[in-house]
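# missing the sequence, but the structure's below:
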């Protein structure tokens, strides 16, 4: 790290910008955000960049596709401040998120097996009931567990609070999905509580996982509708294929970003 980062340079903002098809304002913005080292100033106040700044810009732009703007900026800022360990921690977090997304994708693919007509989920659902037996308002049906106010719920069923907590979302999000027709809980006739039976829990999990994959509610709606109508799993399988491709592209982008960052770190040494 012995290079003087403030020594006069021979590159102008336009020189850095031209190589990547950027505007000179973008170069100044990147510098102000810390993605580039601070430029030395001429007596007239003009910025003077060096090959080191050019390397920083290449590293930053290479990091963007895999890590996103916010994280890529934080990584470069840490490097430029001499906090390499912090930069490595941020990179590790991005890789952990990618791994988590891959696990989520695998979970969705596994869940598809239960969506097939006559699958395990369908069989379990048709053999269970969450309704209260007539005339036994306080009796618990066989195999059920009590919910709020003693309301029984069948195995695989749950209420809005526990389901939201399990998914790591707010109950308001589940209500929004219900308004969009993506999740269909039933209402307990005595208490009015939302009761999410096994199929509603399945739908909530699928919506949650697809949202994590970057899909909008309006994109998810036809997939859920077709799955419910047993119209085939093709649309959902195609969506998962696109998601898998995006994860692979992100992984390769992280590799490219790591190579460019390593080159920049070597230049700084």
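Thanks, I have the structure now. The structure presented is a predicted model; accordingly, all values stated were derived computationally and were not measured.

# those helices in the stretch 151-269 of the chain, which residues are they?
160-167, 171-179, 198-212, 217-228, 234-268 (DSSP state H, counting those that start in this stretch).

# deepest in the core, which of those helices is it.
helix 198-212 (a mean of 21; mean count of other Cβ atoms under 10 Å). Backbone N, C-alpha and C define where each C-beta goes, glycine included.

# now do it against helix 171-179, angle only.
Going by axes from the mean of the first three to the mean of the last three Cα atoms, to 10 degrees, helix 198-212 is angled at 110 degrees with respect to helix 171-179.

# could you check the angle helix 198-212 makes with helix 234-268?
Using the same axes, to 10 degrees: helix 198-212 against helix 234-268 is 40 degrees.

# packing partners of helix 198-212?
helix 84-115, helix 120-126, helix 160-167, helix 171-179, helix 217-228 (3 or more Cβ pairs under 8 Å, 6 or more residues apart in numbering; DSSP states H and E).

# at 6 Å what do you get?
Where contact means 3 or more Cβ pairs under 6 Å, 6 or more residues apart in numbering; DSSP states H and E, helix 198-212 is packed against helix 84-115, helix 120-126.

# and those helices, which one is worst for confidence?
Ranked on mean pLDDT, the bottom entry among the helices and strands packed on helix 198-212 is helix 120-126, at a mean of 40.

# any stretches of the chain with poor pLDDT?
The model of the chain has pLDDT under 70 over residues 1-9, 107-108, 110-156, 226-236.

# centroid-nearest residue for it?
residue 212 (4.4 Å; Cα atoms, centre = their mean).

# in contact with residue 257, which residues?
62-63, 66 (Cβ atoms under 6 Å, 6 or more residues apart in numbering).

# residue 240 and residue 104, how far apart?
11 Å (Cβ to Cβ, to the nearest Å).

# do residue 183 as well
18 Å.

# neighbour count: the two, which is higher?
Using other Cβ atoms under 10 Å, the more surrounded residue of residue 183 and residue 104 is residue 183, with 27 against 18.
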